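>>> sequence and predicted model, in that order:
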Amino acid sequence: MKCQSVGLTDPGLVRPYNQDNHYIDPEGRFFILADGMGGHAGGEEASKIATEVVKDYFESHWDAPINSYDLMEKAIYQANEQILEQQVLHPERGDMGTTLVVVMFRQGETWHAHVGDSRLYLWHQGQLQQLTLDHTWIAQAVRAGEISAEDAKYHPWRHVLSQCLGRRDLLEGLDIQKIEGLQPGDILLLCSDGLTEEVPDELINKSLQEAKDLQEAAQVLIQSAKDGGGSDNITVVLIQIQKEDPQ
């Protein structure tokens, strides 16, 4: 899959540090975004471990005789194990963890995986669709009809994760799915909740619609989150599908 991409991160206006990490493969094969938690040092370390371990695993096993689902699962499981090991080695970071969202183009297919409340969106012909389901207690309550989506926006527990890397039961909450039917011009947006907490989907959609290129779109999204309060670190990765070169 031929694509263009850009990634930007910003600490926001409240926190003096940035616990987000992201990685864009230079060959455009895969894209990773992680949002750490568990204090400054713990969150930054957890998101760094997740990003680097998944990256290294993909690179070393890319051409191995393994399907893409299993490749993603094994990479993320290994990242989780390394975070758990660091929790034991550094008890002061015992609560460290991270969200993760990954996009992979491999063997003619597109896959995504996620844990936590960092999101993946698809922008297609002027319409924005969230492809991931937040792994939060409040999102589960909304899906169960126990609370309205509007009330959930302001609920004090809206940031409490039901799943993240840094837990023994990770594989019970790991979502890995194929993305079908991507077309030239489509945009995939990976983002931490520092964007979605401050910027509604309608404004994200408008920003992608009006920007002249991906760099401008990423800059506008970051600035919109800061204009909305910038209460958290903000990271966005944008991937636009391109036409394949004629053979």
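Looks like it came in fine. Numbers count the residues shown, from 1 in each chain.
>>> C-alpha only now, for contacts and for neighbours.
Fine.
>>> at the geometric centre of the protein, which residue do we find?
Val101 (3.3 Å; C-alpha atoms, centre = their mean).
>>> so how far is whichever strand or helix holds Gln4 off the chain centroid?
Using DSSP states H and E, Gln4 sits within strand 3-10. Once both centres are worked out by C-alpha atoms, centre = their mean, to the nearest Å, strand 3-10 turns out to sit 12 Å from its chain's centre.
>>> what do you get for stretch 175-193?
11 Å.
>>> pLDDT of that stretch, averaged?
Across stretch 175-193, the average pLDDT comes to 96.
>>> residues of it that come out buried?
Buried residues in stretch 175-193, defined by neighbour count with 16 or more other C-alpha atoms under 10 Å: Asp175, Ile176, Leu182, Asp186, Ile187, Leu188, Leu189, Leu190, Cys191, Ser192, Asp193.
>>> could you single out the nearest of the residues you listed to Glu210?
Among the buried residues of stretch 175-193, Ile187 lies closest to Glu210 (C-alpha to C-alpha), at 13.0 Å.
>>> I'd assumed Ala218 was in contact with that closest one.
No: taking contacts as C-alpha atoms under 8 Å, Ile187 lies outside contact range of Ala218: 11.7 Å.
>>> which residues are in contact with each of these two?
Residues touching both Ile187 and Ala218 by C-alpha atoms under 8 Å, 6 or more residues apart in numbering: Leu238.
>>> what segments of the protein are helices?
With DSSP state H, the ranges of helices along the chain come out as 40-61, 68-89, 137-143, 149-152, 193-196, 201-210, 214-227.
>>> helices and strands of this structure: which one bottoms out on pLDDT?
The weakest-scoring helix or strand in the chain, judged by mean pLDDT, DSSP states H and E, is helix 149-152 (a mean of 68).
>>> related to what we said a few turns ago, what does the pLDDT read for the residue nearest to the centre of the chain?
Val101 is given a pLDDT of 98.
>>> show me what the strand holding Gln4 is packed against.
Strand 3-10 is packed against strand 20-24, helix 214-227, strand 234-241, with contacts defined by 3 or more C-alpha pairs under 8 Å, 6 or more residues apart in numbering; DSSP states H and E.
>>> among those, which is nearest Cys164?
Comparing the helices and strands packed on strand 3-10 by C-alpha to C-alpha, strand 20-24 comes nearest, at 14.0 Å.
>>> correct me if wrong: Val54 contacts Ala79.
Yes: shown here, Val54 and Ala79 form a contact pair, counting by C-alpha under 8 Å, at 6.3 Å.
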